[in-house]
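Colleague: need coordinates for the below:
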Amino acid sequence: MNNIENCTDLLRRRFLKQLGVSAAVLPFLGGLPLFADESRKTSAKNKQRVIIMFSPNGVVQDSFWPKTEGEKFETTPILQPLEDFKDRMLLVKGISNKVRGDGDSHMRGMSCLLTATELNPGNIQGGSDSPAGWASGISIDQELKNFCQSSADKKTRFGSIEFGVSVPNRADPWTRMCYAGNNRPVAPNSNPYSVFSRMYGRSKDQELLQSVLDDVRFELKKVAGRVGRAGKLMLDEHQEFVYQMENDLKQAAQQELLVPEPELEDGVRVNDDNMPKISRMQIDLLVNGFANDMNRVATLQYSNSVGQVRMKWIGVNEPHHQLSHDPDMKEDSQKKLVKINQWFAGEMNYLLTRLAETPDPGTGQSLLDNTLVIWTNELGKGNSHTLQNIPMLIVGGAKGFKTGRYINVGDEPHNRLWLQLAHSFGHNIETFGTKELCEQGALRELAG
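Modeller: Prediction:
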């Protein structure tokens, strides 16, 4: 592709920038890929998948939650673009992030969203009195990835792929929701051309990327004698990244695709103004990865906590986060916030439609029949910064979740939701995240 050189330049700058600062700044290089030894063909019964889609800054609650519970719930203004999938929806009110500790609500809302456990002490100052660091545990997507990768009949080339759309080029608790473990954030990739190269790289791409990796190896060797013990650990992780990337390039060359790779529009600049195009490109890549059984887990992260994207393409010129702080009585802001979340719902509709129209090879079903898509947020409501009633919309097919209804579970820790998700995969763990928030076990109400 014509954009491969841009991708490699981006990768080069990212590595060199990180190598030029103190090794203590980032305890882990975000986005470390973990690869399977080979692509495997598996039986249909094992092809359960999950996508977690994130959008920021809360929602206008009255325009998101229906008034009627049960199977006859009405489609609210924000969810209107998803009307065609109403019978496959499970809308869950009453899910709360009860994790406390250091950091402000945006930080805990984001980095505790999928980890369901506390942030480590740190020096990143947010809007609260107590600064914080990275999350102290693994996120549910990476937990499920590891579970699937540990089984021969579920193992895939990547395990999981983390897609981003307009995620800022910085690393902090407001921009990371995926964690490989304690103090190990995993960065989403917001460049579809870079994602394409990783998934479908061919020989000419390998030559370009190998050149970058050679440079990185040289730089690592150059700084190896100038770091302390903590820095040595980080360098080891960088070196492991280089090894894994080289291994993945070999896997890409050997891979036989069940479904042809998608055609990406060439020359689209990766910036906020092109968010609609980038979103569709990333979704097409995500769906194609599932169709080729490259991974069973995916995350799709739009922007970040405190995200300030200006959605000019829908007539919203103010930054998203700024609008979310306006009081409820400011009707113009409320209308624009509804419009913003309708746009996110429209992107979810595109994702669901692509999954529904794409056959799941070897099953006689669609990808959506074997995929659970979960749309969530770091806050319930932007201007109050509440961590209660976090939006949770679950769509698709998976045992353990009865769809076609809207339920209110009261005020339950989101740990219990992630436990239920794990159990639906056959991963029968007793706790996830903060142990004390798991005393009542998985949220069985979601199974009907």
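Colleague: contacts, neighbours, all on C-alpha from now
Modeller: Will do.
Colleague: wait, I394 touches F85, no?
Modeller: No - applying CA atoms under 8 Å, one finds I394 not in contact with F85, separated by 10.6 Å.
Colleague: okay, the two: which has more neighbours?
Modeller: I394 (22 against 15; other CA atoms under 10 Å).
Colleague: from L91, how far off is P66?
Modeller: Going from P66 to L91 by CA to CA, to the nearest Å gives 9 Å.
Colleague: find residues that contact each of the two.
Modeller: Counting by CA atoms under 8 Å, 6 or more residues apart in numbering, the contacts common to P66 and L91 are Y406.
Colleague: these two - which one has more neighbours?
Modeller: Shown here are P66 and L91; by other CA under 10 Å, L91 has more neighbours (26 against 20).
Colleague: distance from the helix or strand harbouring the more buried one to the middle of the chain?
Modeller: Secondary structure assigned from DSSP states H and E places L91 in strand 89-96. Distance of strand 89-96 from its chain centroid, counting by CA atoms, centre = their mean, to the nearest Å, is 19 Å.
Colleague: for the helix or strand that comes right after that strand, list the C-alpha coordinates in PDB.
Modeller: Where DSSP H and E defines the elements, the next helix or strand beyond strand 89-96 is helix 105-111. The C-alpha trace of helix 105-111 is given here as PDB (Å, rounded to 0.1, in the frame of the first residue of the first chain):
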ATOM      1  CA  SER A 105     -13.700   9.900  38.100                       C
ATOM      2  CA  HIS A 106     -12.500  10.200  34.500                       C
ATOM      3  CA  MET A 107      -9.300   8.400  35.300                       C
ATOM      4  CA  ARG A 108     -11.000   5.600  37.300                       C
ATOM      5  CA  GLY A 109     -13.900   5.600  34.800                       C
ATOM      6  CA  MET A 110     -11.500   4.900  32.000                       C
ATOM      7  CA  SER A 111      -8.700   2.700  33.400                       C
END
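Colleague: residues in contact with helix 105-111?
Modeller: Counting by CA under 8 Å, 6+ apart, 97, 99-100, 102, 118-119, 126, 134-135, 173-178, 304-306, 378-379, 385-387 sit against helix 105-111.
Colleague: same question for stretch 396-407.
Modeller: Stretch 396-407 is contacted by residues 48, 66, 68-73, 86-93, 368-373, 394-395, 420-421, 423-424, 444, 446-448 when judged by CA under 8 Å, 6+ apart.
Colleague: average pLDDT across it?
Modeller: In this model, stretch 396-407 has a mean pLDDT of 93.
Colleague: then stretch 130-150?
Modeller: Mean per-residue pLDDT for stretch 130-150: 96.
Colleague: buried stuff in that stretch?
Modeller: Residues 131-149 are the ones in stretch 130-150 that count as buried (16 or more other CA atoms under 10 Å).
Colleague: what segments of the stretch 151-300 of the chain are helices?
Modeller: With helices called from DSSP state H, counting those that start in this stretch, the stretch 151-300 of the chain shows them at 192-200, 203-223, 229-254, 275-291.
Colleague: okay, and I407 sits in which element?
Modeller: strand 405-413.
Colleague: send me that strand as PDB with only the CA atoms.
Modeller: Output in PDB follows, covering the C-alpha atoms of strand 405-413 (Å, rounded to 0.1, in the frame of the first residue of the first chain):
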ATOM      1  CA  ARG A 405     -35.100  -6.800  26.400                       C
ATOM      2  CA  TYR A 406     -34.200  -3.900  28.700                       C
ATOM      3  CA  ILE A 407     -33.600  -4.600  32.400                       C
ATOM      4  CA  ASN A 408     -32.600  -2.600  35.500                       C
ATOM      5  CA  VAL A 409     -30.400  -4.500  37.800                       C
ATOM      6  CA  GLY A 410     -30.400  -1.800  40.500                       C
ATOM      7  CA  ASP A 411     -26.900  -0.800  41.400                       C
ATOM      8  CA  GLU A 412     -24.500  -3.600  40.800                       C
ATOM      9  CA  PRO A 413     -20.700  -3.500  40.500                       C
END
